[in-house]
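Peer 1: here's a sequence, model it:
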Amino acid sequence: HAATTRSAPARARARVSGAPAAALAASSSAAAAASAEDAPKKTEASVGYAADFVRTRLGVFLSILLGYSCYYLTRQSFPFAAPVMVATPSLGLDITSIGVITSIFPLCYGCSKFVSGVVGDKLSPTTMLAGGLIATGLINIAFGASSALPVFCALWAMNGILQGFGAPSCAKILTAWFATKERGTYWGMWNIAHNLGGFSAPILAGFAARSFGWSWGLYAPGLVALVAGGLLITFLRDSPEKCGFKPVEEQAAEIEAANGAGAAATAAAAAGEAEEAKEGEAESERATEAAAKTEGMGQSEGSKAEEGKELTLLQNLFQNVLSNPFIWGLAVTYFCVYVVRQGITSWSVFYLISEKGVADAAGAAARVSGLELGGLVGSLIAGRISDYAVKTGDGGAVGYRIRVVMAYLVGVIGMLAALYFSPPGVAWLQSLIIFFIGFFLYGPQMLIGLCGAEIVGRRSVGASEGFLGWIAYLGAANAGVPLSLLVRKFGWTSFFFTLTAACVTAIFLLLPLVNAKSNVQRKEAAAAKAALA
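Peer 2: Numbering: from 1, shown residues only. Below you'll find the model as predicted:
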């Protein structure tokens with residue numbers, strides 16, 4: 001009796017998995033012909049992910065968390081070794097020289113993130129992530145062995161280029177291993193690599209530079225990166241398919257169908273088994289023809305790619321990323337978010353000293369130290385909230401995450417106002433406010449990248465993340481000299497007005513995306529429409 005109604009759960013799987021329509025229809029008719037004896041066995045096996053898949057995926061996740069934390073460590077090594085370098089007479093460096101070295105990095109990093117994201121869609125993300133980490137470790141070691149300003153500048157520019165390999169590779173791996181309805185949680189957990197690396201840098205690089213000389217402020221992070229890169233090569237894998245598992249979206253679809261369709265399957269009428277099988281044959285032909293004609297916005301895993309006709313790098317970039325207006329909306333929003341983020345991280349210490357009565361930089365830095373901790377907590381909670389909204393709602397997955405971003409940006413505006421109006425000398429209050437600025441600020445930073453990945457689909461994730469990252473770091477660059485000139489001419493009120501205006505602009509830019517669907521959802525809708533044709 002259960003076998004006669006198996007086609008209904010199969011269609012449910014088709015709606016969730018986003019697999020090619022023809023294959024889904026064929027699986028539907030095959031399921032209708034399956035024996036009732038197999039039904040309980042399949043349902044039981046599909047209740048959750050297989051244990052070996054869970055173990056393998058955990059190892060992959062821990063690998064990219066470790067890997068990107070080490071990227072951040074080798075990115076932040078120089079700033080914590082720089083004071084010792086200035087105090088070393090033989091180097092002949094001053095604050096201006098340090099500024100020259102540091103100004104090179106964001107320009108090289110932003111451009112590299114864009115290029116490596118586009119190119120990375122054709123390369124193994126494991127190779128890019130591990131190879132880039134080993135290379136940046138070697139650059140740190142070479143930097144520690146150098147002594148001339150031009151060499152320092154050249155090596156740190158190379159470090160910026162290599163750092164661009166990290167985020168797009170991690171984004172591709174996350175998209176491959178985690179299904180849509182759980183991805184926000186794991187993306188948020190991965191995002192704490194920023195905080196872990198940022199927290200480790202002053203401890204390792206700063207301590208090594210003060211204790212053993214400035215060179216060890218670069219040597220120590222570089223050696224850690226070499227070891228971590230070797231571990232990535234050993235344990236990290238690009239996708240479930242590389243390990244012999246089914247694609248994660250297909251597994252998630254089977255689990256959802258099994259968990260949600262068991263009761264409905266046993267309640268359906270037994271009559272019509274033969275008719276269902278015949279309909280499945282016809283449905284397969286209709287779905288194949290219709291799916292081949294379907295081209296949704298940003299459909300990076302469209303029918304052409306699935307038939308083996310891969311796009312070139314430029315075709316992938318222009319057809320699946322740059323032609324998508326939602327990506328441009330996210331990019332300008334990212335620009336605004338990074339203006340706020342970089343503005344707070346670069347200038348909050350100076351603001352506290354200038355306007356809030358803090359005696360010295362050490363006291364101001366202590367109050368600002370909660371920013372990263374708040375960001376860690378905020379990222380995790382933002383991912384969980386967005387996943388809950390996606391699981392419980394029936395609208396666009398990207399749209400639900402966008403609404404969380406908008407709510408968090410309202411929180412940023414409130415905390416900026418609280419910091420501006422906070423009374424001088426109340427250290428605990430200022431520390432608490434800065435903690436919540438980090439809480440509300442890092443959530444959007446994490447979710448915007450996730451939304452960009454889900455809009456374009458798995459095969460264009462690298463290009464999307466690279467483009468968004470490039471635009472974001474243009475925003476970060478504008479939080480440097482332009483903001484300093486603004487403060488010098490108009491005072492700190494203009495600083496807070498600019499950051500608030502950036503948040504408001506970002507919220508308005510996101511309004512058209514509040515109902516946006518993911519690439520997977522658009523393909524499901526196309527397949528369902530083709531099946532009904």
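
Peer 1: average pLDDT for the one helix or strand Lys523 maps to?
Peer 2: Lys523 belongs to helix 519-532 when assigned by DSSP states H and E. Averaged across helix 519-532, the pLDDT comes to 83.

Peer 1: pull out the buried residues from it.
Peer 2: The neighbour-count check on helix 519-532 (16 or more other CB atoms under 10 Å) flags Asn519, Val520, Gln521, Arg522, Lys523, Glu524, Ala526, Ala527, Ala528, Ala530, Ala531 as buried. (C-beta placed from N, C-alpha, C; glycine too.)

Peer 1: likewise stretch 174-186?
Peer 2: Using 16+ other CB under 10 Å as the test for burial, stretch 174-186 gives Leu174, Thr175, Ala176, Trp177, Phe178, Ala179, Thr180, Lys181, Arg183, Gly184, Thr185, Tyr186.

Peer 1: one more: stretch 211-224?
Peer 2: Trp214, Ser215, Trp216, Gly217, Leu218, Tyr219, Ala220, Pro221, Gly222, Val224.

Peer 1: any chance of TSV for these, columns secondary structure?
Peer 2: TSV is the format used below for the buried residues of stretch 211-224 (DSSP: H, G, I helix; E, B strand; the rest coil):
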residue	secondary structure
Trp214	coil
Ser215	coil
Trp216	helix
Gly217	helix
Leu218	helix
Tyr219	helix
Ala220	helix
Pro221	helix
Gly222	helix
Val224	helix
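
Peer 1: closest one to Arg57 out of the residues you listed, please.
Peer 2: Val224 (24.7 Å; CB to CB).

Peer 1: my guess is the closest one contacts Tyr71. True?
Peer 2: No - Val224 lies out of contact with Tyr71 (CB atoms under 8 Å); the separation is 11.0 Å.

Peer 1: list the contacts of Gly160.
Peer 2: Neighbour list for Gly160: Ile104, Phe105, Pro106, Leu107, Cys108, Tyr109, Ser112 [criterion: CB atoms under 8 Å, 6 or more residues apart in numbering].

Peer 1: rerun at 7 Å
Peer 2: If you count contacts by CB atoms under 7 Å, 6 or more residues apart in numbering, Gly160 has them with Ile104, Phe105, Cys108, Tyr109, Ser112.

Peer 1: longest single helix anywhere in this protein?
Peer 2: helix 51-86 (DSSP state H).

Peer 1: what mean pLDDT does stretch 67-82 have?
Peer 2: 87.

Peer 1: low-confidence regions, the stretch 351-500 of the chain specifically.
Peer 2: Within the stretch 351-500 of the chain, the ranges that satisfy pLDDT under 70 run 361-362, 365, 458.

Peer 1: redo that, cut-off 80
Peer 2: 357, 359-366, 368-369, 372, 457-463, 465-466, 476-481, 484 (pLDDT under 80).

Peer 1: and the helix or strand hosting Pro106, what's buried?
Peer 2: For Pro106, the element it lies in under DSSP H and E is helix 95-120. Buried residues in helix 95-120, defined by neighbour count with 16+ other CB under 10 Å: 97-98, 101, 104-106, 108-120.

Peer 1: and the longest helix of the chain with helix 95-120, angle?
Peer 2: 160 degrees (axes from the mean of the first three to the mean of the last three CA atoms, to 10 degrees).

Peer 1: packing partners of helix 51-86?
Peer 2: Under the contact criterion of 3 or more CB pairs under 7 Å, 6 or more residues apart in numbering; DSSP states H and E, helix 51-86 touches helix 95-120, helix 125-144, helix 149-163, helix 166-177, helix 180-201, helix 207-212, helix 216-235.

Peer 1: mind giving me the packing neighbours of the longest one?
Peer 2: In this case it means helix 95-120. Under the contact rule (3+ CB pairs under 7 Å, 6+ apart), helix 95-120 is packed against helix 51-86, helix 149-163, helix 166-177, helix 461-478.

Peer 1: now the second one: average pLDDT?
Peer 2: Confidence for helix 149-163, expressed as mean pLDDT, is 91.

Peer 1: in that helix, what counts as buried?
Peer 2: Phe152, Cys153, Ala154, Leu155, Trp156, Ala157, Met158, Asn159, Gly160, Ile161, Leu162, Gln163.

Peer 1: ok, so of those residues, who is nearest Leu317?
Peer 2: Closest to Leu317, out of all of these and judged by CB to CB, is Ile161, at 19.0 Å.

Peer 1: ok, the closest one - contacts?
Peer 2: Cys108, Ser112.

Peer 1: let's see it at 10 Å
Peer 2: Phe105, Cys108, Tyr109, Cys111, Ser112, Lys113, Val115, Ser116, Gly132, Ala135, Thr136, Ile139 (CB atoms under 10 Å, 6 or more residues apart in numbering).

Peer 1: what does Ser112 give?
Peer 2: 132, 157-166, 168, 466, 469-470, 473.

Peer 1: what distance do you get for Cys170 to Lys113?
Peer 2: 12 Å (CB to CB, to the nearest Å).

Peer 1: same check, this time on Ser518
Peer 2: 23 Å.

Peer 1: repeat that for Gln521.
Peer 2: Distance of Gln521 to Lys113, computed by CB to CB: 27 Å.

Peer 1: repeat for Val339
Peer 2: 17 Å.

Peer 1: then Thr175?
Peer 2: 17 Å.

Peer 1: check the residue lying closest to Pro79 once chain neighbours are set aside and give its pLDDT.
Peer 2: Nearest non-adjacent residue to Pro79, counting by CB to CB, 6 or more residues apart in numbering: Thr102, 7.0 Å away. We have a pLDDT of 73 for Thr102.

Peer 1: got a list of what Thr102 touches?
Peer 2: Thr102 makes contacts with Phe78, Pro79, Ala82, Trp156, Gly480, as judged by CB under 10 Å, 6+ apart.

Peer 1: was I right to think the fourth one contacts Gly144?
Peer 2: No - no contact is recorded between Trp156 and Gly144 when judged using CB atoms under 10 Å, the distance being 11.9 Å.

Peer 1: what sits in contact with each of those two?
Peer 2: Phe78.

Peer 1: who touches the closest residue to Ser103 other than its chain neighbours in this structure?
Peer 2: Nearest residue to Ser103, sequence neighbours excluded (CB to CB, 6+ apart): Gly480, at 7.9 Å. Listed by CB under 10 Å, 6+ apart, the contact set of Gly480 reads Thr102, Ser103, Pro106, Gln342, Gly343, Ser346, Trp347.

Peer 1: flag every buried residue along the strand or helix carrying the fourth one.
Peer 2: With elements taken from DSSP H and E, the one containing Gln342 is helix 325-355. Buried residues in helix 325-355, defined by neighbour count with 16+ other CB under 10 Å: 326-331, 333-345, 347-352, 355.

Peer 1: and it with helix 180-201, angle?
Peer 2: Computed by the same axes, to 10 degrees, the angle between helix 325-355 and helix 180-201 is 30 degrees.

Peer 1: from the contact counts, what lies against helix 325-355?
Peer 2: Packing partners of helix 325-355 (3 or more CB pairs under 10 Å, 6 or more residues apart in numbering; DSSP states H and E): helix 361-368, helix 370-392, helix 397-421, helix 427-456, helix 461-478, helix 481-490, helix 492-510.

Peer 1: now that helix against helix 370-392, angle please.
Peer 2: 150 degrees.

Peer 1: please state the offset of helix 325-355 from the chain centre?
Peer 2: 18 Å (CA atoms, centre = their mean, to the nearest Å).

Peer 1: before we move on, what about stretch 493-513?
Peer 2: 22 Å.

Peer 1: and if you look at stretch 148-166?
Peer 2: 24 Å.

Peer 1: pull it out as CSV, backbone CA atoms only.
Peer 2: Taking C-alpha atoms only, stretch 148-166 is exported to CSV below (Å, rounded to 0.1, in the frame of the first residue of the first chain):
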residue,chain,number,x,y,z
ALA,A,148,65.0,47.0,4.3
LEU,A,149,61.8,49.1,3.8
PRO,A,150,61.3,48.3,0.1
VAL,A,151,61.6,44.6,0.8
PHE,A,152,59.1,44.9,3.6
CYS,A,153,56.6,46.7,1.3
ALA,A,154,57.0,44.1,-1.5
LEU,A,155,56.6,41.2,0.9
TRP,A,156,53.5,42.6,2.6
ALA,A,157,52.0,43.3,-0.7
MET,A,158,52.5,39.7,-1.6
ASN,A,159,51.0,38.7,1.7
GLY,A,160,47.9,40.7,0.8
ILE,A,161,47.6,38.9,-2.5
LEU,A,162,47.9,35.5,-0.9
GLN,A,163,45.4,36.4,1.9
GLY,A,164,42.8,36.8,-0.8
PHE,A,165,42.8,33.0,-1.4
GLY,A,166,41.2,32.2,2.0
